[in-house]
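> everything below, folded, please.
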Amino acid sequence: MTGNFVTVACPDCENEQVVFEKAATAVACEVCGHALARPTGGKADIEGEVTETVQAR
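Now for the predicted structure:
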């Protein structure tokens, strides 16, 4: 399984959360519930700013 874990800043509340860039399920912000990642069958559609790559595989 290849892919990276990235830190994404929520566009609504600025909370930063670690997300797998090829997420198979929807990922919501833990603070406000805004959708941060939506699955597309490959790389997820990430909303918000990717601030850093936490772990590259």
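> in contact with the residue lying closest to C10 once chain neighbours are set aside, which residues?
Spatial nearest neighbour of C10, excluding adjacent residues (Cβ to Cβ, 6 or more residues apart in numbering): C29 at 4.4 Å. The C-beta positions use only the backbone N, C-alpha and C, and glycine is treated the same way. Contacts here follow Cβ atoms under 8 Å, 6 or more residues apart in numbering; on that basis C29 touches C10, D12, C13, N15, Q17, A35, L36.
> now do the same contact list for T53.
Counting by Cβ under 8 Å, 6+ apart, T53 has contacts N4, F5, V6, T7.
> and the gap between it and F5?
Look at T53 and F5: by Cβ to Cβ, to the nearest Å, they are 7 Å apart.
> next one: R38
17 Å.
> and for E30?
Separation of E30 from F5 (Cβ to Cβ): 16 Å.
> okay, the two: which has more neighbours?
Set E30 next to F5 and count neighbours by other Cβ atoms under 10 Å: F5 wins out with 15 against 11.
> neighbours of P11, how many?
The number of residues near P11, taken as other Cβ under 10 Å, comes to 13.
> that one sits in which helix or strand?
P11 belongs to no helix or strand when assigned by DSSP states H and E.
> residues contacting it?
By Cβ under 8 Å, 6+ apart, P11 lies in contact with H34, E47, G48, E49.
> try it again with 7 Å
When contacts are counted by Cβ atoms under 7 Å, 6 or more residues apart in numbering, P11 touches H34, E47, G48.
> cool, E14 as well?
Not one residue lies near E14 by Cβ under 7 Å, 6+ apart.
> again, but for E47
P11, A35, L36.
> got the phi/psi numbers for the second one?
Going back to what we said before, that points to A35. phi -70, psi 120 (degrees, to the nearest 10).
> before we move on, which element is the residue sitting nearest the centre point of the chain in?
For the chain, the residue sitting closest to the mean C-alpha position, by Cα atoms, centre = their mean, is V19 at 3.7 Å. Secondary structure from DSSP H and E places V19 in strand 16-20.
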